[in-house]
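Engineer: Generate a structure from the sequence data that follows.
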Amino acid sequence: MFGKPFVRTLISRSAENRTDRRRFLKAAGAAGLGVVGATYLGVQATSTASATGEAAAEAAAPSDAAVLNFALNLEYLEAEFYSFAVYGHGLPDDITGGAGTQGGVVGGKKVMFHDKALHQFAKEIAGDEVAHVKFLRGALGEAAVSRPEIDLKDSFTAAARAAGLISEYQQFDPFAHEKNFLLAAFLFEDVGVTAYKGAAPLITNKTFLDAAAGILAAEAYHAATIRTSLFERDLGDAAAKISNARDALDGPGDDDQGVVLGNQANIVPADNNGICFGRSADRVLNVVYLNPGSVKEGGFFPKGVNGDIVASGGA
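Structural biologist: Numbers count the residues shown, from 1 in each chain. Below is the predicted model of the structure:
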């Protein structure tokens, strides 16, 4: 039914490693590939048996699907935040279902923007984040995870208290006004950029890697816009407190940077080579779970994220 070139293309483009190829073949149906497909798989099996070292390495690494689903959890969070801020409502139900336990969203409301430029920035970012959700869901197909439970209320207060932005008796409403919105967006955007930077080496399928690189670029533009807006409004001290809080959560390193460095604007948080740092998935979870320890839930995801990558790193 299918020729060898077609089968090879399907398998090579379906995923980056054996885990994803197995998922693809299960979805496609081995019988549907016919004798040609079975013959090709037999050759693959022989080659695999002769590369035990490679197989062991791949088995230990997360699959592309796992990495993309991890990213999808973060995109759900960002899309919900910006959608509420701009439109006063979250994502439609038809793009929140999937594998794993589907959760609701606590908190969120429309921000009363007064700065027309900032309103336009927020609207554009919201559109991008929703598009990212749709794109990743499309790329993952039936393997896409559903939106986990998301907290856009108490989590921000906990983060603001940890950062020293408010006292232990105060509440932080990220949707109350433009200043709070920008500080909340700063918390998310820098984490999103470092998450994609950290995930890039784990993705071996070139098609998926190209897509992830494109999303990383978009997130970097978003982060630069938010960082610039904070700097222009003289919110460097508040941003520094958030940066320090992220550093306190994500392990022993001291890579995170605020929007002011040496009394100068610091729009791009890069090293001496002009290269931005990345976070491993477990360290990203430390930040969004608001916990420096090894846990599987908390903070913005009260019941954890969906998928194979769910645990944060240890202290």
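Engineer: Name the single longest helix found in this structure.
Structural biologist: helix 206-232 (DSSP state H).
Engineer: Now do that helix: which elements does it pack against?
Structural biologist: On a contact count with 3 or more Cβ pairs under 8 Å, 6 or more residues apart in numbering; DSSP states H and E, helix 206-232 meets helix 64-87, helix 116-140, helix 178-199, helix 236-249. C-beta: built from backbone N, CA, C; applies to glycine.
Engineer: most neighbours per residue, which of the ones you listed?
Structural biologist: Counting by mean count of other Cβ atoms under 10 Å, helix 64-87 has the highest mean neighbour count of those, with a mean of 25.
Engineer: Identify the residues contacting the helix or strand following it?
Structural biologist: Remark: after helix 64-87, the chain's next helix or strand is strand 105-106, criterion DSSP states H and E. Contacts to strand 105-106, defined as Cβ atoms under 8 Å, 6 or more residues apart in numbering, come from residues Glu80, Phe84, Gly90, Arg147, Glu149, Ile150, Asp151, Leu152, Lys153, Asp154.
Engineer: What separation do you get for the third one and Ala311?
Structural biologist: What that stands for is Gly90. For Gly90, the distance to Ala311 equals 26 Å [Cβ to Cβ, to the nearest Å].
Engineer: which of the two has more neighbours?
Structural biologist: Per other Cβ atoms under 10 Å, whichever of Gly90 and Ala311 has more neighbours is Gly90, with 22 against 16.
Engineer: Got the phi and psi for the more buried one?
Structural biologist: Here is the backbone geometry of Gly90 (degrees, to the nearest 10): phi -90, psi -160.
Engineer: Then Asp282?
Structural biologist: Dihedral pair for Asp282: phi -70, psi -30, per degrees, to the nearest 10.
Engineer: okay but it is in contact with Val310, surely?
Structural biologist: No - with contact defined as Cβ atoms under 8 Å, Asp282 does not reach Val310; the gap is 9.5 Å.
Engineer: which residue packs closest to Glu80, ignoring adjacent ones?
Structural biologist: Distances taken as Cβ to Cβ, 6 or more residues apart in numbering place Gly90 nearest to Glu80, at 4.8 Å, with adjacent residues excluded.
Engineer: was I right about Leu136 contacting Ala144?
Structural biologist: Yes - using Cβ under 8 Å, Leu136 makes contact with Ala144 at a distance of 7.0 Å.
Engineer: Which neighbours do these two have in common?
Structural biologist: Asn69, Leu72.
Engineer: Just the pLDDT at Met1, thanks.
Structural biologist: Predicted confidence (pLDDT) for Met1: 39.
Engineer: swap that for Ala315, sorry
Structural biologist: The model reports Ala315 with a pLDDT of 72.
Engineer: which residues does it contact?
Structural biologist: Shown in contact with Ala315 (Cβ under 8 Å, 6+ apart): Pro292, Gly293, Ser294.
Engineer: Against Asn272, how distant is the last one?
Structural biologist: Pointing back at Ser294 there. Ser294 is 32 Å from Asn272, by Cβ to Cβ.
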